[in-house]
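[1] let me see the structure of the following:
(one chain, ligands or ions: 2)
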Amino acid sequence: MILRLVKSVTDEQIRFLEDRIVSLGLRADVSRGIERTLIGLVGDTSPIDPGLFTELEWVEEVIRVSRPYKRVSREQRPEGLTIRVGSITFGGPEVVIMAGPCSVEDRPSLLSLARRIQKAGAHALRGGAYKPRKSPYSFQGLGREGLLFLAEASRETGLPIISEATGLHHHRTPAGALEEATPVDAVIEMADILQVGMRNMKSYGLLEEIARRTGPLKMPVLLKRGESATLEEFLLAAEYLALHGNPLTLLCVRGIRTFENQQYQRYTSDIAAIPILKRESHLPVIFDPSHATGDHSLISPLSLAAVAAGADGLLIETHESPRQAISDGRQSITPDELTDLIVEVRRLSGVRTGRDQIPAL
Ligand code: PEP
Ligand code: MN
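    Ligands and ions are numbered 1, 2, ... in the order given. Below is the predicted model of the structure:
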């Protein structure tokens, strides 16, 4: 970190800064030029809040030289992290396909869909038991019962489960009862991968708790990028998980909010984020074409674009009768469409070897 000071800076102000830097356990390297004075902070500056300096009126600019997300950085593990869940590997040569309904709706439809997803060649079953909905009157998910259906589907098909944990509150089931276990604890108990939804990417206390509970179990967390989060904020949210005990994070890009209205696409698919995240971080990167586009007809082209850009996996909403889905039917594909897509993904991932990383700027 380098501080660029104003022209009129006094010796006393420089001394103040030197004392502050030393009190942070770092060394201050003062360089007085004719035009400007610079102070270099020597040591590990990753935990230093630049606000400690930007608020002083004689500091003109704080320039970061090293990344603020140290634990999840590419530098920390240049070869990239591989995360294993049962027999599947994230961050390896194969693109991991996770498919399933937006919401778990009932036992027969989930079991039937899980069988078809497995036949299609997917590696994991997704399904929301706890749903984060805009309206408190919308279907909030089956809760623990939904997780029990997912666990049964997993036993039958051998597919590992990914499901969202919405918080540390007590979920009210559709029948009106309050559940004893929180969504976080229920998902930890019954799923293989815990999903943090885009709305919770900035719930830092929740991230800490999730990391503390999942870390010792070596349970991976799929962290979705917030709809308005910068890539730095996204990586810092992953840093929270790593710092508090869980380094096994899957970064999931799922579209961001721009000036685009929902007439054509629900969010804007930020495909460039995929190679950028892979350059900046060693964590595997997943793309969710369903939430990114909001439109089933865009899932195949966007999935292929993401794979070409280096995505390590795809999270795809799938439903046997999308028109009848309780939530997100418009952005769900059928098992037959999934089968075709997986064939195309395999073909494409076979030719992209060696293109996973773009050079640093
Ligand atoms: C989901 O995966 O069903 C979901 C609610 O995703 P997001 O957090 O991206 O909206
Ligand atoms: Mn959904």
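[2] skipping its backbone neighbours, what lies nearest Asp185 in space?
    Leaving aside its sequence neighbours, Asp185 sits nearest to Arg213 (CB to CB, 6 or more residues apart in numbering; 7.4 Å). (Glycine included, C-beta is placed from N, CA and C.)
[3] quick one: secondary structure of the one you found?
    Secondary structure, DSSP: H, G, I helix; E, B strand; the rest coil: Arg213 is helix.
[4] does it really touch Val184, like I thought?
    Yes. Using CB atoms under 8 Å, Arg213 is in contact with Val184, at 6.6 Å.
[5] surely Gly141 touches Leu147?
    No. With contact defined as CB under 8 Å, Gly141 does not count as touching Leu147 (9.6 Å).
[6] so what sits against both of those two?
    Val104, Ala129 (CB atoms under 8 Å, 6 or more residues apart in numbering).
[7] neighbours around the closest residue to ligand 1 within the chain, how many?
    Using CB to the nearest ligand atom, Gly197 is the residue of the chain that sits closest to ligand 1, at 3.1 Å. Using other CB atoms under 10 Å, the number of residues around Gly197 comes to 22.
[8] same check, this time on Gln263
    5.
[9] help me see whether stretch 299-306 makes contact with ligand 2, please.
    No. Between stretch 299-306 and ligand 2, judged by CB under 5 Å from the ion, nothing touches; the nearest distance is 12.6 Å.
[10] wait, does that stretch contact ligand 1?
    No. Legend: contact between stretch 299-306 and ligand 1 by CB under 6 Å from any ligand atom is lacking; minimum distance shown is 13.6 Å.
[11] mind listing what's buried along that stretch?
    By neighbour count with 16 or more other CB atoms under 10 Å, stretch 299-306 contains the buried residues Ile299, Ser300, Leu302, Ser303, Leu304, Ala305, Ala306.
[12] so what touches the helix ranked longest in the chain?
    Secondary structure assigned by DSSP state H gives helix 335-351 as the longest helix of the chain. Helix 335-351 is touched from outside by 93-95, 97, 99, 113, 116-117, 119-122, 296, 299-300, 303-304, 307-308, 314, 316, 318, 320, 333, with contacts defined as CB under 8 Å, 6+ apart.
[13] equivalent analysis for stretch 41-57, please.
    By CB under 8 Å, 6+ apart, the residues outside stretch 41-57 that reach it are 1-3, 6, 13, 16-17, 20-21, 24-29, 59, 62, 64-70.
[14] 6 Å instead?
    Here stretch 41-57 makes contact (CB atoms under 6 Å, 6 or more residues apart in numbering) with Met1, Leu3, Ile21, Leu26, Arg27, Asp29, Val59, Val62, Pro68, Lys70.
[15] from Leu3, how far off is the fourth one?
    Put plainly, it is Leu26. According to CB to CB, to the nearest Å, Leu26 stands 12 Å off from Leu3.
[16] the two: which has the busier surroundings?
    Neighbour count, other CB under 10 Å: between Leu26 and Leu3, Leu3 has more, with 25 against 17.
[17] how close does the more buried one get to ligand 2?
    Taking CB to the ion, to the nearest Å as the measure, Leu3 falls 45 Å from ligand 2.
[18] one more: Ala325?
    Distance, Ala325 to ligand 2, by CB to the ion: 9 Å.
[19] the residue nearest the centre of the chain: what secondary structure?
    With distances taken as CA atoms, centre = their mean, Leu223 lies nearest the centre of the chain, 2.7 Å away. Of the three states, Leu223 takes strand under three-state DSSP.
[20] surely it meets Asn246?
    No. The criterion here is CB atoms under 6 Å, and Leu223 misses it with Asn246 at 10.0 Å.
[21] taking the chain, what residue is nearest to ligand 2?
    Residue nearest to ligand 2 within the chain: Cys102 (3.3 Å; CB to the ion).
[22] residues near the nearest residue to that residue once chain neighbours are set aside, how many?
    Leaving out its chain neighbours, the residue that sits closest to Cys102 by CB to CB, 6+ apart is Asp328, at 3.7 Å. Burial of Asp328 is recorded as 20 neighbouring residues (other CB under 10 Å).
[23] Asp328 contacts Gly100, correct?
    No. Using CB under 6 Å as the test, Asp328 is too far from Gly100 to be in contact (11.3 Å).
[24] any common contacting residues for those two?
    In terms of CB under 6 Å, 6+ apart, Asp328 and Gly100 are not both contacted by any residue.
[25] OK, contacts around the residue of the chain closest to ligand 1?
    Pro132, Glu164, Lys224.
[26] against Ala181, how distant is it?
    Distance, Gly197 to Ala181, using CB to CB: 18 Å.
[27] then Ala124?
    The spacing between Ala124 and Ala181, counted by CB to CB, is 23 Å.
[28] quick one: which of these two has more around it?
    For Ala124 versus Ala181, the count of surrounding residues by other CB under 10 Å is larger for Ala124: 25 against 16.
[29] and the spatially closest residue to the more buried one that is not a sequence neighbour, which helix or strand is it part of?
    If the residues on either side of it in the chain are set aside, Ala124 comes closest to Met98, at 4.2 Å by CB to CB, 6+ apart. Met98 belongs to strand 96-100 when assigned by DSSP states H and E.
[30] no further queries at this time; thank you.
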